[in-house]
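# Here's my sequence, what's the structure:
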Amino acid sequence: MKKVLIYGTLTIAAIAAIIWKLNANKKGNAAKTEFVKQSNTGEVPVLTEKVTRIEFDQQFAANGNFEPVRELTFLSETSGRITKLMVTEGSFVKQGQIMARIDDEILGTDLQSAKANLEQLKVDKERFESAFKTGGVTQKQMDDTRLQYELAQSRYEAASRRIRDTYVKAPISGTINAKYVEQGAYLSAGTKMFDIVDVSRLKLKVTVPEAQVIHLKTGDMVDVKSNVFPETKYTGKITFIASKGDNTLSYPIEMEVNNVSGKALKAGMYGTANFAMPQQAPAMLIPRTAFVGGVNSNQVYVLESNTSKLRKVIAGRIFGDKVEIREGLNEGETVITSGQINLTDGAKVTVQAR
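Numbers count the residues shown, from 1 in each chain. Model prediction:
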């Protein structure tokens, strides 16, 4: 008897809890019931948007870092001890300027020996050529003398080149960005000596999406801005456009940027390229959500007298949450942007307020 009372009490409590929960959700259930009621009557609730042509600014910006147009690491071309060092880090050098001198005493001796040998063989060659004309020497003797003279001439030119290499000259104009040697140090051929950077012109590398890169070509001028001198306008010239994009369908672009006197940029600084696109006619744009199953389906529902009509369209460029429509819709028509999952071609709909 006691157990019966306990079970009865628990059952009553459970029923009371269920009734309370149902009452608490009454408003939510009423809304859902209304939605189902509308669906059962054949009218699917949807959201819509009118198709309009929109004028939009196609200018866009791309960011990157400045790099020097020319930079190189200078390596020693000869062996020897540095007798004179004429530049330091930060020094500006012009192309052909002497940056260091390397001991040439031994090389000078080799040059004198090569020169003396060349002069002697030149005399011998001239004497043999004269004797050949009178039959005093054979053709082979004359050819051998000429060969010896030509070999001596090559040895002399090589010795002269080694002497010239002891005058270490800047191959380009620029700034000594790093110095790896000191006066008195012994060099071997190939020893790293200097890093030279030319920042009279800079190179800005950026990436451009596929929709914009098709409008660019080498030689185009671009306005460039820098964070360090925001008030100054720099001019860039496109020198390279990649033929292949990356995994995000963006294409590397390079442009040369001339520095401005008094507000010179440095390699590594941050820059922004502002691209001006050609003027285009207004585009017909609709929300991405209007497409049935995604943009690639190229299908949308159009509202005609409270009825949904499935329409085949041709989608173009995508601008954020908007998609360009090239064919299939007319300005002023209404597309359904929400509720398509419950629609079929010809289904009755009711437009909900936003």
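
# use CA for all of it now, contacts and neighbours both
Will do.

# what about the strands in the stretch 251-354 of the chain?
270-275, 283-287, 299-304, 307-312, 314-319, 322-327, 334-338, 348-351 (DSSP state E, counting those that start in this stretch).

# Out of the ones you listed, flag the one nearest residue 153.
Closest to residue 153 of the strands of the stretch 251-354 of the chain is strand 270-275 (C-alpha to C-alpha; 54.3 Å).

# to the chain's geometric centre, what's the distance from that closest one?
12 Å (C-alpha atoms, centre = their mean, to the nearest Å).

# what is the mean pLDDT for it?
For strand 270-275, mean pLDDT is 91.

# Just checking: what are the partner strands of it?
With DSSP bridges as the test, strand 270-275 is paired with strand 60-75 (antiparallel), strand 221-226 (antiparallel).

# List every C-alpha atom in that strand, with coordinates, as CSV.
Coordinates of the C-alpha atoms in strand 270-275 are reproduced here as CSV (Å, rounded to 0.1, in the frame of the first residue of the first chain):
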residue,chain,number,x,y,z
TYR,A,270,55.9,47.9,-46.0
GLY,A,271,54.2,49.3,-49.1
THR,A,272,50.7,49.4,-50.6
ALA,A,273,50.0,49.4,-54.4
ASN,A,274,46.7,51.0,-55.4
PHE,A,275,45.5,49.7,-58.7
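
# which other residues reach it?
Applying C-alpha atoms under 8 Å, 6 or more residues apart in numbering, the external contacts of strand 270-275 come out as 59-66, 204, 206, 222-227.

# Same question for stretch 183-198.
With C-alpha under 8 Å, 6+ apart, stretch 183-198 has contacts from 68-85, 172-181.

# if you set the cut-off to 6 Å instead, what comes out?
The contact list for stretch 183-198 (C-alpha atoms under 6 Å, 6 or more residues apart in numbering) reads 68, 70-85, 174-181.

# now stretch 156-176: how far from the chain's centre is it?
Worked out by C-alpha atoms, centre = their mean, stretch 156-176 lies 36 Å from the chain centre.

# One more: stretch 123-130?
So, by C-alpha atoms, centre = their mean, the centroid of stretch 123-130 is 65 Å from its chain's centroid.

# any idea of the mean pLDDT for that stretch?
For stretch 123-130, the mean confidence score works out to 82.

# CA-only coordinates of it in CSV, if you can.
The C-alpha trace of stretch 123-130 is given here as CSV (Å, rounded to 0.1, in the frame of the first residue of the first chain):
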residue,chain,number,x,y,z
VAL,A,123,110.9,39.5,-82.1
ASP,A,124,111.4,35.8,-82.9
LYS,A,125,108.1,35.8,-84.8
GLU,A,126,109.0,38.8,-86.9
ARG,A,127,112.4,37.3,-87.7
PHE,A,128,111.0,34.0,-88.7
GLU,A,129,108.4,35.7,-90.9
SER,A,130,111.1,37.6,-92.7
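
# contact partners of that stretch?
Outside stretch 123-130, the residues touching it (C-alpha under 6 Å, 6+ apart) are 142, 145-146.

# could those residues go into a markdown table alongside secondary structure?
Converted to a markdown table, the contacts of stretch 123-130 look like this (DSSP: H, G, I helix; E, B strand; the rest coil):
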| residue | secondary structure |
| --- | --- |
| 142 | helix |
| 145 | helix |
| 146 | helix |
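
# Closest to residue 47 out of the residues you listed?
Here the nearest of the contacts of stretch 123-130 to residue 47, counting by C-alpha to C-alpha, is residue 146; it sits at 97.6 Å.
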